[in-house]
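K.L.:
coords below, sequence missing:
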């Protein structure tokens, strides 16, 4: 399904290989987006709060959040986001290699909107990203 608007996505991912794979999957899915990438939760919050070098960055329409990162992991980011009146409405998709039930449960308890386990197979990963894009940017209405 074609998208008629360019969306801003914040990818919070510490692994350069996974970040590159996500970027490639978004391109393959033909999702019109500006992908902004930060490497951990501390940088994510600086980006979202428009601090320092992120002063002129847009507020993303969607956050793709890894769980296990240095300095501040995904769980801590979710806790901060859901209690911040300026940021709590931004949808968060946990995109991680974990398929542990405790991680899934904790992510939803902390306010994640979706939880996707990254498939190992590149074609399956691209299909997952395309389905995610179709859902979040064609089916769902996001806040302004």
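P.N.:
Done, it's in. Predicted model, so just to flag it, every value in this text is computed and none were measured.
K.L.:
and the gap between the residue nearest the centre of the chain and residue 139?
P.N.:
By C-alpha atoms, centre = their mean, the mean C-alpha position of the chain lies nearest to residue 64, the distance being 0.8 Å. According to C-beta to C-beta, to the nearest Å, residue 64 stands 17 Å off from residue 139. The way it works is simple: take the backbone N, C-alpha and C, and place the C-beta from them, glycine included.
K.L.:
hang on, residue 143 packs against residue 89?
P.N.:
Yes. Residue 143 is in contact with residue 89 according to C-beta atoms under 8 Å; the separation is 5.0 Å.
K.L.:
which of the two has more neighbours?
P.N.:
Using other C-beta atoms under 10 Å, the more surrounded residue of residue 143 and residue 89 is residue 89, with 13 against 8.
K.L.:
helix, strand or coil for the more buried one?
P.N.:
Three-state assignment for residue 89 (DSSP: H, G, I helix; E, B strand; the rest coil): coil.
K.L.:
distance of it from residue 81?
P.N.:
Counting by C-beta to C-beta - residue 89 and residue 81 are separated by 9 Å.
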